[in-house]
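Student: pasting the sequence and the predicted coordinates here, then a few questions.
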There are 2 protein chains.
Amino acid sequence: MIDPADLAHLKEIPFFQRMSDSELRKVSALARARSLEADEFFYLQGDPAEMLFLLKAGRVKLIQNSADGQQILLRMIGPWSLFAVVALVEGAVYPVSAQAVEPSLALYWTKNALMELVREIPGLALNAMQMMSERVQEYQDRLRELATERVERRLARALLRLGSQAGKRVPEGILIDLPLSRQDLAEMTGTTLFTVSRILSQWEAQNIILTGREKVIIRFPHGLVRIAEDLP
Amino acid sequence: MIDPADLAHLKEIPFFQRMSDSELRKVSALARARSLEADEFFYLQGDPAEMLFLLKAGRVKLIQNSADGQQILLRMIGPWSLFAVVALVEGAVYPVSAQAVEPSLALYWTKNALMELVREIPGLALNAMQMMSERVQEYQDRLRELATERVERRLARALLRLGSQAGKRVPEGILIDLPLSRQDLAEMTGTTLFTVSRILSQWEAQNIILTGREKVIIRFPHGLVRIAEDLP
DNA sequence: CCTCATTCTTGCGCTGGCGCAATAAAGCGC
DNA sequence: GCGCTTTATTGCGCCAGCGCAAGAATGAGG
């Protein structure tokens, strides 16, 4: 189900680290593929966590909703990133929803396949643990940032992170290569689209960035770094 | 190193779930103990993560610091809770500091012991993953709360959580049984000690709680629930 | 090319919460 | 019991950021 060219990619992913070729073949034999149009969901928050996904192409938003309809954007997934690692846990439900923001293609493994893999590949559970532990640390950092820093800093950091994950060199600078509305940025940084719009306008006036409809181009990363690090 | 009476406790802990008696004996044979006075640290943020702890008695704060000295209080650990699960991950450093808030006694396993246990007890890595995945979910929830809810709600929720973790029935209501300053509450909810003090004073006037120096007693949990749930 | 929906901008008023400072209360050590 | 340190309270001024509303820009689809 995975074409051989993909195997090389698989080897780069932390989750599949330190696996023999025969183990990797086993992994790829059990994979299935699913493709989604923009705005469709791979899964919804609260669904039983029955599949682990590996994005091959496209972009996916991980969104968390509260009971009263508020939502935040926890993470943007790009190609060759794994998501829904929680599917490895017995009886879990997805804690977030995963929505394609552009046409996307993902490989996935079902719960049954995963249980088989975990049984036969001893290192897999440890690799998964490592991924989760990185996630825990990231969220701890973000909690501290959200609790102690102002919007400008958080927004600067968010743009820098997006730039390094989804940045694409264009003549004017680094384009964040995904449809990214002010509302999205607000939900990533814990503020409102109005505040995001105001701050971006200000940065545009200072020539740090260049904006458009659902588009941000970073002209001078240093400018953002200075704001993110709270330098003079 | 673990006295037999403790074995019963061990069996209740998710991390040691589904283990045979011989496996549990193995676990307890490799445990060591460490006791700390109030305010001492089990470990500091940034130290190589070389031990996994199980608190037997006392209370421990998990604190995260930023480069510029800001800090937040991520979690209060009580007896028979495991902390520093990150020690299971290759090459990790502690992402937080762990400070005893009262005289405390903990069992611990060194990196070597853990590697031996993981090798010999197949389910251990899966159990650890489960713990981490719960942690990830908790932090995702808290990120959303911090991003979208006001201080009052977050504070009410924090008190309710503390009440259920460390609550002790006293004549006047439920005492949160640990030294808990306004500053601590501020660091848990992402606000300032001034705001916490003002809100607690207000709640005290409404007879929802009863406060003292480093002390909170919940008189009418329902009052807090109403605030936490944002009801009329 | 025109329409229409969506996204973005910006002015305005407002307020939740911050931060300081002064004071009070509580507990600890001797 | 008396200082002294630590913790908590509260008044006051202030401002970062919110939220609405009106209008402008953008792009998609016929």
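Tutor: Cool, the structure landed.
Student: outline the domain layout of chain A.
Tutor: Following automatic domain parsing, one finds the domains of chain A at A:4-147, A:150-228.
Student: is chain B contacted by the longest one?
Tutor: Yes - part of domain A:4-147 sits close enough to chain B to count as contact by CB under 8 Å from any CB of the partner chain, namely A:64, A:66, A:68, A:70-72, A:74, A:85-86, A:88-90, A:92, A:95-96, A:118, A:122, A:125-126, A:128-130, A:132-133, A:135-137, A:139-147. All C-beta atoms are positioned from the backbone trio N, CA, C, and that covers glycine.
Student: now do the longest helix seen in chain A against helix B:123-148, angle only.
Tutor: Under DSSP state H, the helix in chain A containing the largest number of residues is helix A:123-148. Orientation note: helix A:123-148 sits at an angle of 20 degrees relative to helix B:123-148 (axes from the mean of the first three to the mean of the last three CA atoms, to 10 degrees).
Student: quick one: low-confidence parts of chain A?
Tutor: Scanning chain A with the threshold set as pLDDT under 70 gives A:1-2.
Student: contacts only, for the nearest residue to residue A:191 once chain neighbours are set aside.
Tutor: For residue A:191, ignoring the flanking residues on the chain, the nearest one in space by CB to CB, 6 or more residues apart in numbering or on different chains is residue A:151 at 4.8 Å. Residues near residue A:151 by CB atoms under 8 Å, 6 or more residues apart in numbering or on different chains: A:189, A:190, A:191, A:195, A:199.
Student: ok, 7 Å please
Tutor: Applying CB atoms under 7 Å, 6 or more residues apart in numbering or on different chains, we find residue A:151 in contact with A:189, A:191, A:195, A:199.
Student: what about the last one, how many neighbours?
Tutor: Translated: residue A:199. 20 (other CB atoms under 10 Å in any protein chain shown).
Student: now the one 5 residues further on
Tutor: Close neighbours of residue A:204, defined as other CB under 10 Å, add up to 15.
Student: what's the closest non-adjacent residue to it?
Tutor: Leaving aside its sequence neighbours, residue A:204 sits nearest to residue A:211 (CB to CB, 6+ apart; 5.5 Å).
Student: returning to what we had before: filter the contacts of residue A:151 down to the buried ones, PyMOL style.
Tutor: Buried residues within the contacts of residue A:151, by 16 or more other CB atoms under 10 Å in any protein chain shown, are selected in PyMOL with:
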select buried, chain A and resi 189+191+195+199
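Student: which one of the contacts of residue A:151 sits closest to residue A:104?
Tutor: Residue A:104 lies nearest to residue A:189 out of the contacts of residue A:151, by CB to CB, at 24.0 Å.
Student: ok, that closest one touching residue A:156?
Tutor: No - using CB atoms under 7 Å, residue A:189 makes no contact with residue A:156, being 9.4 Å away.
Student: for burial, what's the neighbour tally of residue A:77?
Tutor: Residues near residue A:77, counting by other CB under 10 Å: 25.
Student: ok, it to residue B:108 distance?
Tutor: 37 Å (CB to CB, to the nearest Å).
Student: mind listing what's buried along stretch A:69-80?
Tutor: Result for stretch A:69-80 [16+ other CB under 10 Å]: buried residues A:71, A:72, A:73, A:74, A:75, A:76, A:77, A:79.
Student: could you identify the most distant pair in those?
Tutor: Farthest pair in these, by CB to CB: A:71 and A:79, 24.4 Å.
Student: helix/strand/coil for residue A:61?
Tutor: What DSSP: H, G, I helix; E, B strand; the rest coil gives for residue A:61 is strand.
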